[in-house]
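Asks: Sequence isn't available, so here's the structure alone:
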């Protein structure tokens, strides 16, 4: 099983992760950055599932925009290319999850995830 498939299964809430891969996504043994990315993706997927609306006979509607608030400490840690890769990976995972949630047409043109810094 691929690393990406493990993450998808974990996001889906399967809970069984093949730890024989080169990169573990198990929060107890994974790298902090990997664990953080997976946890963010899981939380966005959870919100998306809660907010999804599927009218009878119509396309499924999921929220197209999500805002991720980071603490000042995390904001300093996730900068530059690392931040861009995080956003790209999370966007891809959430887009895949949105299409998995509905067997019919999905009424979402584009998914947008924005990172903001916590106000304090």
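Replies: Cool, got the structure. Bear in mind the structure is a predicted one, so any value in this text is a computation, not a measurement.
Asks: for residue 113, phi and psi?
Replies: phi -120, psi 130 (degrees, to the nearest 10).
Asks: contacting residues for the nearest residue to it once chain neighbours are set aside?
Replies: Spatial nearest neighbour of residue 113, chain neighbours left out: residue 66 (4.9 Å); criterion: C-beta to C-beta, 6 or more residues apart in numbering. Placement of C-beta: from N, CA and C, glycine included. By C-beta atoms under 8 Å, 6 or more residues apart in numbering, residue 66 lies in contact with 44, 47, 48, 94, 111, 112, 113, 114.
Asks: Give me the pLDDT for residue 66.
Replies: Looking at residue 66, its pLDDT is 91.
Asks: Also residue 20?
Replies: Looking at residue 20, the pLDDT reads 41.
Asks: And residue 42, by the same measure?
Replies: 91.
Asks: what's the answer for the one 3 residues further on, then?
Replies: pLDDT, residue 45: 89.
Asks: check which helix or strand covers it.
Replies: Element membership for residue 45 (DSSP states H and E) is helix 32-51.
Asks: Could you pull out the buried residues of the next helix or strand after that helix?
Replies: Using DSSP H and E, the next helix or strand after helix 32-51 towards the C-terminus is strand 65-70. Going by neighbour count (16 or more other C-beta atoms under 10 Å), the buried part of strand 65-70 is 66, 68, 70.
Asks: now swap in stretch 55-65 and tell me
Replies: For stretch 55-65, by 16+ other C-beta under 10 Å, it's 60, 62, 63.
Asks: Can you find the helix or strand in this protein with the smallest mean pLDDT?
Replies: helix 3-11 (a mean of 63; mean pLDDT, DSSP states H and E).
Asks: Count residues in the vicinity of residue 117, would you?
Replies: Counted with other C-beta atoms under 10 Å, residues neighbouring residue 117 total 12.
Asks: mind checking which helix or strand the residue lying closest to it once chain neighbours are set aside is in?
Replies: In space, and not counting its chain neighbours, residue 117 is closest to residue 75: 4.6 Å by C-beta to C-beta, 6+ apart. In this assignment (DSSP H and E), residue 75 forms part of helix 72-77.
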